[in-house]
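> need a 3D model of the following:
(one chain, ligands or ions: 1)
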Amino acid sequence: MGAIVNMGEFECPHCHQESVLLREGPRGGSKRLEGVEILGRLPMDPSVAAQADKGIVAALDLNTKMGQRYGELARKVAQLLDSRSAAT
Ligand SMILES: [Zn+2]
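Numbers count the residues shown, from 1 in each chain. Model (predicted):
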């Protein structure tokens, strides 16, 4: 179906500049994902671990940027599954 690149980038909490951590996917490098559709990217975000320590699941907290990213990806995957089941 496709791939989600996890922790491929890191956004600096101070200047919000993004650094690429994993050279993979459409940004170059590895051929492992050649021909695979990238459905989305989840950057490394220290707030996810900080929330987990407090018992909060980042993916379920739509008040955060990461929660919104997870939500968007879930919607995209659900739409893809819907369109595929409608086609069969
Ligand atoms: Zn910075």
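
> name the SS class of Gln51, please.
Judged by DSSP: H, G, I helix; E, B strand; the rest coil, the three-state class of Gln51 is helix.

> which residue is the nearest non-sequential neighbour of it?
Ala58 (5.0 Å; CB to CB, 6 or more residues apart in numbering). The C-beta positions use only the backbone N, C-alpha and C, and glycine is treated the same way.

> tell me the strands beside the longest strand seen in the chain, with direction?
Of all segments of type strand in the chain, defined using DSSP state E, the longest is strand 3-11. Paired neighbours of strand 3-11 in the sheet (DSSP bridges): strand 18-20 (antiparallel), strand 38-44 (parallel).

> circling back to that earlier point, close enough to count as contact, the residue nearest to Gln51 and Thr64?
Yes. Shown here, Ala58 and Thr64 form a contact pair, counting by CB atoms under 8 Å, at 6.4 Å.

> quickly list what's touching both of the two.
Common contact partners of Ala58 and Thr64 (CB atoms under 8 Å, 6 or more residues apart in numbering): 47, 51.

> okay, buried residues for the helix or strand harbouring Arg84 please.
Taking DSSP states H and E as the definition, one finds Arg84 inside helix 65-87. Using 16 or more other CB atoms under 10 Å as the test for burial, helix 65-87 gives 66-67, 69-70, 73.

> good, we can wrap up now.
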